[in-house]
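Novice: Okay, here's the prediction I keep looking at, along with the sequence it came from:
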Amino acid sequence: MSLRNKLRSATLGNVRAFRSTLVKVSLPNEHGVEELEVEVREPSVATRARIMKEAGVQSGDMARLDIARLQVEAVMVCSFVPGTSDRVFDDIDRDALMQLPPGGWIDSLSAPAMRFLNLDEDDIKKNSATMASA
């Protein structure tokens, strides 16, 4: 077997499972606070590209990255009812998610979702600083 075929077999022929994590979120209700679990899953490369495009990144240019939009898109796309293929949020929820205050359950879900995107943290921090000074 050629080296090329070995490499192809070891990479493409050995598809690994996507990472996921269960996140407990505390949500207020009429009886106080209820703890629910959400499964946050790693997106595919194609899905990650779609999230980035929705967040304003074009051709890898992080200068146009909208951090809030990135956070919301990641939460929308990566959050599932545990053990199912049912997404928790639909596209119709985007505006409501964008209006949430920072902190709380949205940040609990976005932290692992953002980790699963495998983005360059320096680019994100630089863009955050640029947006804050604007």
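Specialist: Yep, it's here.
Novice: Okay, helices next: where are they in the chain?
Specialist: 3-11, 45-54, 67-78, 94-98, 104-117, 121-133 (DSSP state H).
Novice: Any idea which of these gets closest to residue 30?
Specialist: helix 104-117 (17.3 Å; CB to CB). Every C-beta, even on glycine, is put in place using the N, C-alpha and C of the backbone.
Novice: ok, and what's touching that closest one?
Specialist: With CB atoms under 8 Å, 6 or more residues apart in numbering as the test, helix 104-117 has contacts from 19, 21, 23-27, 38, 40-43, 48, 51-52, 70-72, 74-75, 77-79, 97, 100.
Novice: still on that earlier bit, take the helices of the chain and lay them out in CSV including mean pLDDT and mean neighbour count.
Specialist: As requested, the helices of the chain are exported to CSV (pLDDT from 0 to 100; neighbours: other CB atoms under 10 Å):
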stretch, mean pLDDT, mean neighbour count
helix 3-11, 88, 10
helix 45-54, 92, 15
helix 67-78, 95, 22
helix 94-98, 96, 13
helix 104-117, 94, 19
helix 121-133, 51, 12
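Novice: so which of these comes closest to residue 31?
Specialist: Nearest to residue 31, of those and by CB to CB, is helix 104-117 at 17.2 Å.
Novice: Turn the helices of the chain into a markdown table, including distance to residue 84.
Specialist: Output for those, formatted as a markdown table (distance: least, CB to CB, whole Å):
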| stretch | distance to residue 84 |
| --- | --- |
| helix 3-11 | 29 |
| helix 45-54 | 17 |
| helix 67-78 | 14 |
| helix 94-98 | 20 |
| helix 104-117 | 16 |
| helix 121-133 | 30 |
